[in-house]
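*Asks:* Turn this into a model:
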Amino acid sequence: MGKRTADKTAGRRPGALLAALPAPAGRVRFAAFFAVLLALAGWAFAGCAPAPASDAFVDTVFKTYPQLAGKSWTKDTVARVVDGDTYETAGGQRVRLIGVNAPELKGEERELGEAAREFARVRLEGKAVYQFRDVSDTDRYGRLLRYVFVAGDLVMFNETLLREGYAGVMTVPPDVTFAEKFLELERQARESGRGLWGGDAGENSGGPGAGGEASDASCANPRIKGNINSRGEKIYHLPGGQYYDITIAERWFCTEEEAQAAGFRRAAR
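*Replies:* Below is the predicted model of the structure:
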């Protein structure tokens with residue numbers, strides 16, 4: 001008897017199968033079971049739904065900064081500003097702004113560093129930000145390397161720091177998409193005496209993030225640039241090198257021997 005019942009119901013549509021069940025208990029149980037199956041299917045499809053392909057603000061950023069088109073980006077909220085060029089997000093990540101270097105919060109630069117941090121804090125803390133990658137994802141300390149925009153503001157915050165004189169340029173290949181533009185913004189801020197370039201602060205410190213020594217050269221016109229990157233590596237660049245023109249010299253040398261004696265190695269390109 002049970003077998004014949006199974007044969008009769010095999011292959012029927014769910015509606016027909018529901019009608020064949022004894023009423024009311026059988027139908028209620030089957031309806032509940034079928035509803036669960038539909039819900040599970042819905043959740044599965046929802047989980048596979050693609051993320052939004054674009055964001056209106058991001059689309060406008062791409063038009064304003066075409067160099068960023070195609071670069072990966074994320075949106076987060078700034079929970080705490082660490083210093084003038086670094087902050088922590090609500091998601092627990094630490095972000096380092098690409099291409100800029102604010103004064104340190106210790107030593108001779110402390111007062112300048114505190115001013116730069118306050119400038120960044122007022123403009124970033126608690127704000128939603130869009131973060132765009134260049135080539136590298138993180139530095140040696142695990143910090144995300146990003147170009148940053150405050151939501152609703154189409155001026156890159158990296159640029160704002162330079163334009164207002166609260167950071168200097170720090171060029172670290174291969175993340176050099178805006179290196180030349182950043183150098184020009186720094187020059188304008190320095191010549192206008194804006195921010196930390198102004199008054200006694202700029203004269204005494206050499207400007208924002210200028211912590212390196214000016215020159216150990218033995219000649220009047222040194223041409224070899226010594227640069228210390230974000231990983232602490234000391235690298236010198238020769239005229240004609242791939243990154244020579246966009247590298248900020250923290251020390252100058254007349255000969256390769258001088259640079260090597262100071263602990264610098266030659267750039268690969």
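*Asks:* partner strands of the longest strand belonging to the chain, parallel or antiparallel?
*Replies:* Scanning the chain for the strand with the most residues, using DSSP state E, yields strand 73-83. Its sheet considered, strand 73-83 pairs with strand 86-89 (antiparallel), strand 128-132 (antiparallel) by DSSP bridges.
*Asks:* May I have the last one as CSV, with CA atoms only?
*Replies:* Coordinates of the C-alpha atoms in strand 128-132 are reproduced here as CSV (Å, rounded to 0.1, in the frame of the first residue of the first chain):
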residue,chain,number,x,y,z
ALA,A,128,33.9,58.5,6.0
VAL,A,129,36.8,58.3,3.6
TYR,A,130,37.5,56.7,0.3
GLN,A,131,40.9,55.0,0.0
PHE,A,132,42.6,54.3,-3.3
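*Asks:* Could you report the pLDDT at Gln188?
*Replies:* At Gln188, the pLDDT value in this model is 94.
*Asks:* Quick check, it in contact with Arg163.
*Replies:* Yes. Using CB atoms under 8 Å, Gln188 is in contact with Arg163, at 7.1 Å. Using the backbone N, CA and C atoms, a C-beta is placed for each residue, glycine as well.
*Asks:* Compare the two and say which is more crowded by neighbours.
*Replies:* Arg163 (20 against 14; other CB atoms under 10 Å).
*Asks:* for that one, phi and psi?
*Replies:* phi -60, psi -40 (degrees, to the nearest 10).
*Asks:* Check Thr177 too.
*Replies:* Dihedral angles of Thr177 (phi, psi; degrees, to the nearest 10) stand at phi -50, psi -40.
*Asks:* what does the one 10 residues further on give?
*Replies:* Dihedral pair for Arg187: phi -60, psi -40, per degrees, to the nearest 10.
*Asks:* Cool, thanks, talk later.
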